[in-house]
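S.K.: sequence below, structure please.
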Amino acid sequence: MTDPLPDNWTPSEYRQLDRAWAEHPQHDLLAELADEHDGDGYRTWQLVRLPEPADPTWTAHYLRPRDPRDPRPAICITRYPRQMPDATNTGARSPGDEQANH
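M.R.: Modelled structure (predicted):
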């Protein structure tokens, strides 16, 4: 039998993001936009993690156009309170890093 999780345990940032993406009310649109490419084969949308504009003590993940001239609005996928990174997360890459090179 395994030990129960501590009361302050939360899923990793990536797991939270995966769950929010899967449960998002605009999931089909997110998937379509994430797979969109320009004429040169580059992705036209990117996943970014930013401080929440309304409250910088929170973090938000957005899917937004790479081209700042693209008039389409960013879509907030999830938001949560910012936490200080612990030693196990030092050097971890943001989810946006995964798509930035594609």
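
S.K.: the nearest residue in space to residue 53 that is not next to it in sequence: what's it in contact with?
M.R.: Counting by CB to CB, 6 or more residues apart in numbering, residue 53 lies nearest to residue 60, which is 7.9 Å off, once chain neighbours are set aside. C-beta coordinates here come from the backbone N, C-alpha and C atoms, glycine included. Neighbouring residues of residue 60 by CB atoms under 8 Å, 6 or more residues apart in numbering: 49, 50, 51, 52, 53, 76, 77, 78, 79.

S.K.: go again using 7 Å as the cut-off
M.R.: Residues in contact with residue 60 (CB atoms under 7 Å, 6 or more residues apart in numbering) are 50, 52, 76, 79.

S.K.: what's the spacing between residue 70 and residue 64?
M.R.: As judged by CB to CB, to the nearest Å, residue 70 and residue 64 stand 8 Å apart.

S.K.: got a pLDDT number for residue 52?
M.R.: We have a pLDDT of 87 for residue 52.

S.K.: how many other residues sit next to the nearest residue to it once chain neighbours are set aside?
M.R.: Computed as CB to CB, 6+ apart, the closest residue to residue 52 that is not its neighbour in sequence is residue 58, at 3.8 Å. Residues lying near residue 58 (other CB atoms under 10 Å) number 14.

S.K.: again with the one 5 residues further on
M.R.: For residue 63, the neighbour count with other CB under 10 Å is 22.

S.K.: run through the bridge partners of it.
M.R.: Counting by DSSP bridges, residue 63 is bridged to residue 47, residue 75.

S.K.: residues of the helix ranked longest in the chain that come out buried?
M.R.: For the chain, the helix with the greatest residue count under DSSP state H is helix 13-23. Neighbour counts using 16 or more other CB atoms under 10 Å place 13, 17, 20, 21 of helix 13-23 among the buried residues.

S.K.: pick the one among those residues closest to residue 31.
M.R.: Closest to residue 31 out of the buried residues of helix 13-23 is residue 21 (8.5 Å), distances taken as CB to CB.

S.K.: name the nearest residue to that closest one, ignoring sequence neighbours.
M.R.: Distance criterion CB to CB, 6+ apart; nearest residue to residue 21, sequence neighbours excluded, is residue 77 at 5.8 Å.
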